[in-house]
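A.B. asks: Generate coordinates for the sequence data below:
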Amino acid sequence: MIKKLVFFSFAFIFLACNSNNDDDGTNCTDQFVYGLSITVRDAVTEQIISENITLTATDGNYSEALMTFSGSTNFIGAGEREGTYTIQVLADGYESFTSDEIVVNADECHVITEERTFQLQPL
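C.D. replies: Numbering: from 1, shown residues only. As a prediction, this is how the structure comes out:
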């Protein structure tokens, strides 16, 4: 009796650990993916602008400030969030800029990053 109980316990644990809720065999990662990656350049010099600049992504009522990390030249946002975004760029010494709509889609696991480069006109 004990052998049967042990056998069924192990069988249950084995099946529970090996069950996959994704019937299509998709194995998603735990990686966090940003939907937007934006680079901003000076339209005259082509130099990257990353100081004294604000980028805001808007999708309907949703809005977020895009961020950059130390040592990076691009601004990222819309983490794991699909949507149709416009980007407003404000930078000291430059004309303001508003992008056309950018559609961020997703596959079965994560958003698909949309990369753009915007050029700002100096004042």
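
A.B. asks: Student question: in the protein, what's the helix or strand with minimum average pLDDT?
C.D. replies: Lowest by mean pLDDT, DSSP states H and E among the helices and strands of the chain is helix 2-18, with a mean of 42.

A.B. asks: host element of the closest residue to residue 43 other than its chain neighbours?
C.D. replies: Nearest non-adjacent residue to residue 43, counting by C-beta to C-beta, 6 or more residues apart in numbering: residue 119, 4.0 Å away. To be clear about C-beta, it is placed using only N, CA and C from the backbone, and glycine gets the same treatment. Here residue 119 sits within strand 114-120, counting by DSSP states H and E.

A.B. asks: quick one: average pLDDT of that strand?
C.D. replies: Here strand 114-120 scores 98 as its mean pLDDT.

A.B. asks: How about stretch 25-35?
C.D. replies: For stretch 25-35, mean pLDDT rounds to 91.

A.B. asks: ok, now stretch 38-51?
C.D. replies: In this model, stretch 38-51 has a mean pLDDT of 97.

A.B. asks: for it, how far is the first residue from the last?
C.D. replies: End-to-end distance for stretch 38-51, by C-alpha to C-alpha, to the nearest Å: 14 Å.

A.B. asks: tell me which residues in that stretch are buried?
C.D. replies: Buried residues in stretch 38-51, counted by 16 or more other C-beta atoms under 10 Å: 38, 39, 40, 42, 49.

A.B. asks: Check stretch 51-70 too.
C.D. replies: In stretch 51-70, residues buried by neighbour count (16+ other C-beta under 10 Å) are 53, 55, 56, 57, 59, 64, 66, 68.

A.B. asks: got it, and stretch 82-89?
C.D. replies: Neighbour-count burial for stretch 82-89, counted by 16+ other C-beta under 10 Å, picks out 83, 85, 87, 89.

A.B. asks: Contacts for the helix or strand harbouring the second one next, please.
C.D. replies: In other words, residue 85. Secondary structure from DSSP H and E places residue 85 in strand 83-91. Outside strand 83-91, the residues within contact range by C-beta atoms under 8 Å, 6 or more residues apart in numbering are 35-36, 38, 40, 49, 52-60, 62, 66, 78, 96-104, 116, 118, 120.
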